[in-house]
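Participant: this is a predicted model, with the sequence first.
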Amino acid sequence: MKDQLYIQIIINYTECAKALRENTAAVTSFNGSIQGKEFESIWQEREMIFHRWQNAAASLRELPDEYVAQAVAAIDQI
């Protein structure tokens, strides 16, 4: 059971990291007005993703040593 939890922590972190990178690309390539609803929506999404990423990173730091290598390998694939 713990093994599944540890793997899910790694998956959660990598998914959040990917989403944060995609959102960063959307923010930096945005061509509209930053005062508009479209940018506000992208920015609100960024805040939610960032909080999920922070929580995932905190969980990742609690992994047992034998899972750290798996986590590093998963992060390298991002």
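Facilitator: Great, that's in hand.
Participant: any idea which helix or strand carries the most centrally placed residue in the chain?
Facilitator: By C-alpha atoms, centre = their mean, the chain has its centre lying nearest to residue 16, at 2.0 Å. Using DSSP states H and E, residue 16 falls within helix 2-28.
Participant: give the next helix or strand downstream of that helix.
Facilitator: Following helix 2-28 toward the C-terminus (DSSP H and E): helix 37-60.
Participant: now do the first helix or strand past that following helix going along the chain against helix 37-60, angle only.
Facilitator: Downstream of helix 37-60, the first helix or strand assigned by DSSP H and E is helix 65-76. Orientation check (axes from the mean of the first three to the mean of the last three C-alpha atoms, to 10 degrees): helix 65-76 against helix 37-60 gives 150 degrees.
Participant: only the buried residues of helix 65-76, if you could.
Facilitator: Neighbour counts using 16 or more other C-beta atoms under 10 Å place 67, 71, 74 of helix 65-76 among the buried residues. Every residue, glycine included, has its C-beta placed from N, CA and C.
Participant: as CSV, those with distance to residue 22 and pLDDT would be great.
Facilitator: Listed next are the buried residues of helix 65-76 as CSV, based on distance: C-beta to C-beta, whole Å; pLDDT from 0 to 100:
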residue, distance to residue 22, pLDDT
67, 26, 92
71, 20, 87
74, 17, 87
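Participant: ok, the nearest residue in space to residue 6 that is not next to it in sequence - contacts?
Facilitator: Using C-beta to C-beta, 6 or more residues apart in numbering and skipping residues adjacent in sequence, the residue nearest residue 6 is residue 67, 4.7 Å away. Neighbouring residues of residue 67 by C-beta atoms under 8 Å, 6 or more residues apart in numbering: 6, 7, 10.
Participant: let's see that with 10 Å instead.
Facilitator: 2, 3, 5, 6, 7, 9, 10, 60 (C-beta atoms under 10 Å, 6 or more residues apart in numbering).
Participant: and the closest residue to the residue nearest to the centre of the chain other than its chain neighbours, how many neighbours?
Facilitator: Nearest non-adjacent residue to residue 16, counting by C-beta to C-beta, 6+ apart: residue 53, 4.0 Å away. By the criterion of other C-beta atoms under 10 Å, residue 53 has 20 neighbours.
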